[in-house]
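> pasting a predicted model and its sequence here:
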Amino acid sequence: MLAEYSDYAFRSALVVYLLAMAFYAAEFAASRTVRREPALVAAGGGELPDRPVDEPAPRSRAERFGRMAVALTILGALVHAGSVLARGLAAGRWPWGNMYEFASAICLVAVVAWLVVLRRQASSQLRQMGLFVLFPVVVLMFIGGTVLYAEAAPVVPALRSYWLAIHVSAIAVASGLLLVAGVASAMFLRRPTELLDRVAYRVTVVAFPIYTFAVIAGAIWAEAAWGRFWGWDPKETVAFVAWVIYAAYLHARATAGWRTRRAAWINVAGFAMVIFNLFFVNLVIAGLHSYAGV
Amino acid sequence: MSTPTEQAAAPSVPPPRNSPWWIAQLARVWRDLTSMRVALVLLFLLALAALPGALLPQRSLNAAKVDAYIAEYPTWGPLLNRLGFFEVFASPWFAAIYLLLFVSLVGCLIPRALEQARALRATPPATPRNLSRLPHHGRETVDTDADDVLGRVRGRLRGWRMVERDEPGGVRTLSAEKGFLHEAGNLVFHLALVGLLVGIALGKLFGYEGQVIVLAGGGQFCNTGILGYDSFRAGLRVDGTNLDPFCVRVDDFAASYLPNGQPDGFRAQLGYQTSGDIASGASQWQPYELEVNQPLRLDGERVYLLGHGYAPTFTVTYPDGTKRTSTVQWRPVDNATLLSEGTTKFDRPGLTDEADRRRNQLAITGLFAPTSSGGQIVGSVFPDLRDPQVAVDVYRGDLGLDDGRGQSIFTVDRKQVESGALTKVARQNVRPGEQVALDDGTTIRFDDVRQWVSLQVSYDPGQTAVLVFATLLLLGLGLSLTIKRRRFWVRLTPTGEGDPPRRTVVEIGGLARTDRAGYGEEFSRLRTELLGPLKEE
Ligand code: HEM
């Protein structure tokens, strides 16, 4: 019953995010026309009106679309949170015991992190990033809700530990944040602005210690569950690789000639590795972690 | 971009004067090795080198998969094998990368630690001549005198390290600095990495890991030597002579399942005696309930519940009436239903002639289903013992046990079958209590089923150190990433009429080590508080 509500909310959140994306796109389009407009008028040779009086200002139309997009994102996040909550209640445990639930949790974190960033930076330039944050979120949720979908059920004994809550929550939070940072860096590569660079760096700097903690917590759990704290299981190995790449990112920020563009590339590579770990390692390479289920 | 933020992170080794060329050369190599750029390159290499460890099968995880892979790719499989790609984390090239990285790290850390110690005692640097060239700056003329402004600045900068200086013409300056814990955190983080490596090395040298299968319902295992284990992985300095001789006894094992067959819980009731108990002659067994995620922790050794399975009991009654009973573990071939395969081997008693004895060995092989599908071909539909059945193939002849080669306890030697030394004499599906009759009057009864558990004993003397250093690493990282080392300067130039002049030009400037880290906002706040609401310049 609750599980059904959770699924329903999950799908609704996905739809709301799609709608929000449409509005972000509309804002983007509207703000582009406004930028082109003065040039057209100037080319016509006439006087350059400060603000068109008759028709509603396109700038404010873009603004309205943007606000709508953000409002929808908030609504989507609320519904999404409801889905995760209901799932947890339905299964009687923390709602990240399989890949579907884990992907859902990461996406929720990413959307919330994005909203927090937006609130703190309060810039309409940044708002357009929403489209690019929601895009991977929607893709992940779609894959999660179809290919990876699993019924709400108890987890296998090996996962019955409070470390599931600690380790997996930390990974989900870090991954969600790193998604936002990765998107900012990817956008920076297309349009290098100081704002995007700062967002990428700041979010990574919050995410990296959480990720480090998550890996350490995983090692502590592995010691209790598998008899060793580190065994180069494929999941552990790729987590290590991603961690080293993020360490390289932070180094790059302090190395002349590497601070901006190259650092952004490294950040994107780091996030690619996190996603690779989530999907490829679980689905293609069998390892101890695979029993977390598809 | 050579802003003042650019403070050389790499230590500057002064080039030795008047020394042979090779010393100068060495100094240069050292300087390069300990530079940030090389550290960056080494970090990349480390990430790159670790990747095949996830993409290719690894011998330490699954040797059979490695062999299958090499067989599948006969051209480059063997080449990858020779280059160590199936043992990435034990390969010389992987070791070379991380050792270089750590040499670089130490070479980088020592000068930084010294510099940090010096910086802790140094006073904040003098106010730059032109504050407006700093990444953060502000300027305002206020209607109060310099003392007044200075008082406010001092109040606002409580907790900062400050020094005031006078310049000609009645100009006063204040230099302030904060965030020394950034550097300290960074040092702690990098030092902890070194500690972590040392802790891991300790485990690799002196640790071991062994697996053993023990029958539930009273089976015992004592940690007296490598031979007691079914498989054993020894650290480089472990020869198995000095193991801590504790004992465990598996009194009971219970598994519970959900209706769909998914395991719900595993529980082994243990008794154990520590080496101390045994030395003092104690005869009691201390109880422990062993579960997944809850190892038995002795002094140093840990005992884990790794897996479980079934061990059918067969009784062979020979034509002369002698009986032999044996319970041997069979291994699961399907983890979901615990369909298991195995071989229970018997030597016929009472035969004195060696050749005769060999001709009359028996092997009961087959498939065991804890909950039989009931068909002609035995399959299992549920992992719990609901309706056990075994499909047995009985072989008689020479098992080939005496030829000196080890053989699997789960199968018969195919070579013996192919050579005709071992022949199949019966095939039948049996439930507990049912029996198979052979042509010579021997009967084989399937009596019952017992459970077995597989235990792992792990010992790692470096593990506590690893945990401590991992914690330090995290603390250092937290400090270093949340705290920014930043500087703040104020220059107060009296201006206007009066003596002393009542107006003051206030110039402020700010600089952080890593600028994009967000000193900007803090600086803006400082500026607003000291100079009033912001006026765009
Ligand atoms: C095992 C290899 C290494 C790892 C995993 C690593 C990791 C990190 C990380 C995560 C940071 C950012 C957090 C912090 O500032 O504390 C950092 C910063 C730093 N590392 Fe490393 N590091 C390694 C080796 C080195 C080496 C060899 C050097 C010297 C060449 C070095 C010099 C620095 C410096 C100067 C910073 C500070 C950058 C800043 O102030 O923002 N590290 N390192």
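That came in fine, so what should we check first? Numbers count the residues shown, from 1 in each chain, chains lettered A, B, ... in the order given.

> what is the helix or strand hosting residue B:289 packed up against?
Secondary structure assigned from DSSP states H and E places residue B:289 in strand B:286-291. Judged by 3 or more CB pairs under 8 Å, 6 or more residues apart in numbering or on different chains; DSSP states H and E, the packing partners of strand B:286-291 are strand B:263-273, strand B:301-317. Every C-beta, even on glycine, is put in place using the N, C-alpha and C of the backbone.

> quick check: next helix or strand after that strand?
Criterion used, DSSP H and E; the element after strand B:286-291 is strand B:296-297.

> list the pairing partners of that following strand within its sheet, with orientation.
Paired strands of strand B:296-297, with direction, are strand B:301-317 (antiparallel) (DSSP bridges).

> what's the first helix or strand after the helix ranked longest in chain A?
Assignment by DSSP state H gives helix A:2-44 as the longest helix of chain A. On the C-terminal side of helix A:2-44, the nearest following helix or strand under DSSP H and E is helix A:58-91.

> ok, the closest residue to residue B:489 other than its chain neighbours - contacts?
Nearest-residue entry for residue B:489: residue B:127, 4.2 Å, with adjacent residues in sequence omitted and distances by CB to CB, 6 or more residues apart in numbering or on different chains. The contact partners of residue B:127, by CB atoms under 8 Å, 6 or more residues apart in numbering or on different chains, come to B:165, B:173-175, B:489-491, B:509.

> now swap in residue B:371 and tell me
B:337, B:380-388.

> one more pass at 7 Å, please.
Taking CB atoms under 7 Å, 6 or more residues apart in numbering or on different chains, we find residue B:371 in contact with B:380-382, B:384, B:386-387.

> show residues contacting stretch B:406-413.
Residues from elsewhere that reach stretch B:406-413 (CB under 7 Å, 6+ apart): B:328, B:330-331, B:341-343, B:363, B:365, B:395, B:399-401, B:422.

> how does it look with 6 Å?
For stretch B:406-413, contacts defined as CB atoms under 6 Å, 6 or more residues apart in numbering or on different chains pick out B:331, B:342-343, B:363, B:365, B:395, B:400.

> and that stretch, how far apart are its ends?
10 Å (CA to CA, to the nearest Å).

> any bit of the helix or strand harbouring residue A:203 sitting next to the ligand?
Using DSSP H and E, residue A:203 falls within helix A:194-226. No. Shown here: helix A:194-226 not in contact with the ligand (CB under 6 Å from any ligand atom), separated by at least 6.6 Å.

> phi, psi of residue A:237?
Main-chain torsions, residue A:237, degrees, to the nearest 10: phi -60, psi -50.

> residue B:457 too?
Torsion angles, degrees, to the nearest 10, at residue B:457: phi -110, psi 130.

> test my guess that it contacts residue B:210.
Yes. Here residue B:457 reaches residue B:210: they are 5.0 Å apart, a contact under CB atoms under 6 Å.

> so between these two, which is more surrounded?
Remark: of residue B:457 and residue B:210, residue B:457 carries more neighbours, 26 against 23, as counted by other CB atoms under 10 Å in any protein chain shown.

> identify the bridge partners of that one.
residue B:210, residue B:303.

> residues contacting it?
B:210, B:301, B:303.

> what's the answer for residue B:529, then?
Contact analysis of residue B:529 by CB under 6 Å, 6+ apart lists residue B:156.

> in a helix, it, correct?
Yes. Counting by DSSP: H, G, I helix; E, B strand; the rest coil, residue B:529 is located in a helix.

> what count of nearby residues applies to the residue of the stretch 1-150 of chain A found nearest the ligand?
The minimum distance from the stretch 1-150 of chain A to the ligand, using CB to the nearest ligand atom, falls at residue A:113 (20.2 Å). Residue A:113 has 21 neighbouring residues, counting by other CB under 10 Å.

> what about it, which helix or strand?
helix A:99-121.

> re the thing from before, of the contacts of residue B:457, closest to chain A?
residue B:303 (8.9 Å; CB to the nearest CB).

> thinking again about what came up before, a markdown table please, covering the contacts of stretch B:406-413 and showing pLDDT, secondary structure and distance to residue B:25.
As requested, the contacts of stretch B:406-413 are exported to a markdown table (pLDDT from 0 to 100; DSSP: H, G, I helix; E, B strand; the rest coil; distance: CB to CB, whole Å):
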| residue | pLDDT | secondary structure | distance to residue B:25 |
| --- | --- | --- | --- |
| B:331 | 95 | strand | 61 |
| B:342 | 96 | strand | 66 |
| B:343 | 96 | strand | 67 |
| B:363 | 95 | strand | 70 |
| B:365 | 96 | strand | 69 |
| B:395 | 96 | strand | 73 |
| B:400 | 87 | coil | 65 |
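
> so which of those comes closest to residue A:277?
Nearest to residue A:277, judged by CB to CB, of these is residue B:331 at 31.2 Å.

> beta-bridge partners for the closest one, please?
Bridge pairing for residue B:331 - DSSP bridges - gives residue B:341.

> so the residue most central in space within chain B: helix, strand or coil?
Central residue of chain B (CA atoms, centre = their mean): residue B:200, 9.2 Å from the mean position. Three-state call for residue B:200 (three-state DSSP): helix.

> and the gap between it and residue B:262?
35 Å (CB to CB, to the nearest Å).

> can I get the helix or strand hosting residue B:505 in PDB, CA atoms only?
With elements taken from DSSP H and E, the one containing residue B:505 is strand B:501-512. Output in PDB follows, covering the C-alpha atoms of strand B:501-512 (Å, rounded to 0.1, in the frame of the first residue of the first chain):
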ATOM      1  CA  PRO B 501      42.300  65.900  11.400                       C
ATOM      2  CA  ARG B 502      38.800  64.700  12.000                       C
ATOM      3  CA  ARG B 503      38.400  62.700   8.800                       C
ATOM      4  CA  THR B 504      40.200  59.500   7.800                       C
ATOM      5  CA  VAL B 505      40.700  57.700   4.500                       C
ATOM      6  CA  VAL B 506      40.100  54.000   5.300                       C
ATOM      7  CA  GLU B 507      41.600  51.500   2.900                       C
ATOM      8  CA  ILE B 508      41.100  47.800   3.400                       C
ATOM      9  CA  GLY B 509      42.500  44.900   1.600                       C
ATOM     10  CA  GLY B 510      42.100  41.100   1.800                       C
ATOM     11  CA  LEU B 511      43.900  38.000   0.500                       C
ATOM     12  CA  ALA B 512      43.300  34.300   0.900                       C
END
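
> buried set for it?
Burial within strand B:501-512, assessed by neighbour count using 16 or more other CB atoms under 10 Å in any protein chain shown, is assigned to B:503-512.

> and if you look at stretch B:372-385?
For stretch B:372-385, burial by neighbour count (16+ other CB under 10 Å) applies to B:372-373, B:378-383.

> what pLDDT, on average, does stretch B:239-251 get?
Mean pLDDT, stretch B:239-251: 91.

> whoops, stretch B:285-299 was the one
On average, stretch B:285-299 scores 94.

> buried residues, it. List them.
Residues of stretch B:285-299 classed as buried by neighbour count (16+ other CB under 10 Å): B:285, B:288, B:290-293, B:295-296, B:298.

> how about stretch B:411-427?
Within stretch B:411-427, the residues that count as buried by 16+ other CB under 10 Å are B:412-413, B:416-417, B:421-422, B:425-426.
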